[in-house]
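# Curious how this folds, go ahead:
(2 chains)
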Amino acid sequence: MDANIAAASTPGSGRNLHRFANPGQFLRLSGAVLPWVSIAAIVLTVIGLVWGLAFAPADWQQGDSSRIMYLHVPSAMLAYMGYASLALCSVLSLVWRHPLADLAAVEIGPVGAGATALCLATGSLWGKPMWGAWWVWDARLTSVLVLFFLYLGHVALVRAFDDPQRGYRAGAILALVGVVDLPIIKYSVDWWNTLHQGSSITLTGAPTMYAGILYPLIPCTLGLVLGFSAIVLARTRAAVMERRIRGLLQARARNEAAA
Amino acid sequence: MTRKKRRLMVLLVCGIGVGSAAGLSLWALSSDVAFFTSPSQLAHDHPGPGRSFRLGGLVEAGSVQRSSEGGKPRASFRVTDGSAAITVHYTGMLPDLFREGQGVVTLGNLAEDGTFAAQEVLAKHDETYMPKEVAEALKKSGHWNPEQGAPPPASTWNTLTVKQTGG
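Predicted structure coming up:
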């Protein structure tokens, strides 16, 4: 690990980035932040879910079924943002050979796949009573299913090589090719007619939701995003420590062999 | 040019390549990616009789006729997109959200007489969410009739309901 950093840190613009690549610094910083992120995640998620499931008004025509949105919408955002962060790690890995980005990408994969699976499952449970179908092959549903397979492909690919560096490289390339799916997911409901509804919350326009229905989505989304970050941070910390231990064991084995 | 810059350039060029390839193929396939055909599209892009496809649009206000045939519920209604409408016949249970003014997607084929024989009816709800009280207030104040289509923009709801309860 340390050899990697030494090899990659050349003077210039890369130096600033590589300050954060120092595994000791990462462990200290993430160790300090992790408990707070975890607590905030749990508190916000509980507040949001209780508010949304018990106190927010039900939709006038969907009734209580619409409350599944308090899981469905945040998990969809997580699936999306998780993939965007996976792609960012892949750029850092391919261009700047950032060793922490490699580890983070490996750890984001399974968590993102879990979020996508949650999004697909809650969507399916919502679709049956409202649309009348568990699943349809419309553009939104299909493109999110493709995202799920991209995550699974990444999870499998980075672990498929004896030399981890080759796994990181292959995984990063797959993740970046898959970025094509992100705008397709986002705009699928605008570009083509779909069974899935259009976006209720957009960056440009006012939300098409009653305020009392919309507000609980904010703590739900914030809480689950923080929860996602906490899980990825904890996993990446574990991966860094695992590497350190492996390095120490290898060094000891070498010393013993030499002695 | 440093190695990092070169790698970044390679990545950008590959990104443009992959992106435009995906964009072009989706553009070419756009009619297949669409989940349903609208009644007005059908007018100039007519699939032959007996060919199965999905027809989507809003259920026209006042067009729903329910009957029963051998113990099975039977419904006929007109699906419209504003400029054209097609009569749909369907035997079976309609989804709970089915109503006049609601979006529907039906799977079936065109019959000889130009009507649509549906084997499956799915309800498509729009992106608006409001509690029952707000929907009632909008209906009562005459700002919205759900049978005529989409509600007014959400930014107007609260003031409308305040006016309603205050007046």
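
# any idea how far B:A150 is from chain A?
As for B:A150, its distance to chain A is 9 Å (criterion: Cβ to the nearest Cβ, to the nearest Å). From N, CA and C alone the C-beta is placed, and that goes for glycine too.

# try B:Q148
Distance of B:Q148 to chain A, given as Cβ to the nearest Cβ: 15 Å.

# Next, count neighbours for that residue.
Residues near B:Q148, counting by other Cβ atoms under 10 Å in any protein chain shown, number 12.

# do B:D113 as well
Neighbours around B:D113, by other Cβ under 10 Å: 8.

# Low-confidence stretches in chain B?
Within chain B, the set of residues satisfying pLDDT under 70 comprises B:1, B:158-167.

# at 80 instead, please
Scanning chain B for pLDDT under 80 picks out B:1, B:31, B:43-50, B:69, B:142-143, B:146-150, B:152-167.

# Name the residues of the helix ranked longest in chain B that are buried.
If you go by DSSP state H, chain B has its longest helix at helix B:3-28. The neighbour-count check on helix B:3-28 (16 or more other Cβ atoms under 10 Å in any protein chain shown) flags B:4, B:8, B:11, B:22, B:26 as buried.

# With stretch A:207-215 instead?
Within stretch A:207-215, the residues that count as buried by 16+ other Cβ under 10 Å are A:207-210, A:212-214.

# quick one: which two of those are the most distant?
The span of the buried residues of stretch A:207-215, defined through Cβ to Cβ, is set by A:T208 and A:G212 at 13.9 Å.

# Verify the stated contact: B:G19 with A:V180.
Yes: between B:G19 and A:V180 there is a contact under Cβ atoms under 8 Å: 6.0 Å.

# just to revisit the earlier point, near chain B, from the buried residues of stretch A:207-215?
A:207-210, A:212-214 (Cβ under 8 Å from any Cβ of the partner chain).

# Need these in a markdown table (columns: secondary structure and pLDDT).
Converted to a markdown table, these look like this (DSSP: H, G, I helix; E, B strand; the rest coil; pLDDT from 0 to 100):
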| residue | secondary structure | pLDDT |
| --- | --- | --- |
| A:P207 | coil | 84 |
| A:T208 | coil | 86 |
| A:M209 | strand | 87 |
| A:Y210 | coil | 87 |
| A:G212 | helix | 88 |
| A:I213 | helix | 90 |
| A:L214 | helix | 91 |
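
# Sort out which one of the residues you listed lies nearest A:A175 for me.
Using Cβ to Cβ, A:P207 comes nearest to A:A175 of these, at 31.0 Å.

# Spit out the contact partners of the closest residue to that closest one other than its chain neighbours.
Using Cβ to Cβ, 6 or more residues apart in numbering or on different chains and skipping the chain neighbours, the partner closest in space to A:P207 is A:I201 (4.7 Å). Each residue near A:I201 by Cβ atoms under 8 Å, 6 or more residues apart in numbering or on different chains is listed here: A:207, A:209, A:214, A:217.

# quick revisit: can you confirm whether the longest helix of chain B lies near chain A?
Yes: Helix B:3-28 comes into contact with chain A (Cβ under 8 Å from any Cβ), by way of B:4, B:7-8, B:11, B:14-15, B:18-19, B:22, B:26.

# picking that back up, what about the residue nearest to A:P207, helix or strand, and which?
Using DSSP states H and E, A:I201 sits in no helix or strand.

# Outline the domain layout of chain B.
As assigned by automatic domain parsing, chain B contains the domains B:3-32, B:34-124.

# Distance to A:A251 added to those domains, as a markdown table?
Listed next are the domains of chain B as a markdown table, based on distance: least, Cβ to Cβ, whole Å:
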| stretch | distance to A:A251 |
| --- | --- |
| domain B:3-32 | 30 |
| domain B:34-124 | 59 |
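
# Comparing those domains, which stretch has the densest surroundings?
Among the domains of chain B, the stretch with the highest mean neighbour count (mean count of other Cβ atoms under 10 Å in any protein chain shown) is domain B:34-124, at a mean of 17.

# what about that one, how long is it end to end?
With Cα to Cα, to the nearest Å as the measure, domain B:34-124 spans 14 Å from end to end.

# Say whether chain A is contacted by that domain.
Yes: Domain B:34-124 is in contact with chain A by Cβ under 8 Å from any Cβ, via B:34-36, B:38, B:56, B:95-97, B:99, B:105, B:120-124.

# How about the residues of the stretch 151-259 of chain A by chain B?
A:176-177, A:179-180, A:184, A:191-195, A:197-200, A:206-214.

# Mind doing that once more with 6 Å?
With Cβ under 6 Å from any Cβ of the partner chain as the criterion, the stretch 151-259 of chain A meets chain B at residues A:177, A:180, A:192-195, A:197-198, A:200, A:206, A:208-210, A:213.

# Give the PyMOL command for selecting the buried subset of those.
With 16+ other Cβ under 10 Å as the criterion, this PyMOL line picks the buried residues out of these:
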select buried, chain A and resi 177+180+192+193+194+195+197+200+208+209+210+213
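
# okay if I get the residues of the stretch 151-259 of chain A next to chain B as CSV plus distance to A:Q165?
As requested, those are exported to CSV (distance: Cβ to Cβ, whole Å):
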residue, distance to A:Q165
A:V177, 19
A:V180, 25
A:W192, 40
A:N193, 45
A:T194, 41
A:L195, 44
A:Q197, 44
A:G198, 44
A:S200, 44
A:A206, 49
A:T208, 48
A:M209, 47
A:Y210, 52
A:I213, 49
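
# element containing B:L107?
Using DSSP H and E, B:L107 falls within strand B:103-110.

# what angle do the helix or strand following that strand and strand B:103-110 make?
Counting by DSSP H and E, the next helix or strand C-terminal to strand B:103-110 is strand B:116-124. For strand B:116-124 against strand B:103-110, the angle by axes from the mean of the first three to the mean of the last three Cα atoms, to 10 degrees is 160 degrees.

# Tell me how far whatever helix or strand comes next after strand B:116-124 lies from the chain's centre.
Per DSSP H and E, the first helix or strand lying C-terminal to strand B:116-124 is helix B:132-140. Centre-to-centre, helix B:132-140 and its host chain are 23 Å apart (Cα atoms, centre = their mean, to the nearest Å).

# next one: stretch A:189-204
For stretch A:189-204, the distance to the chain centre is 22 Å (Cα atoms, centre = their mean).
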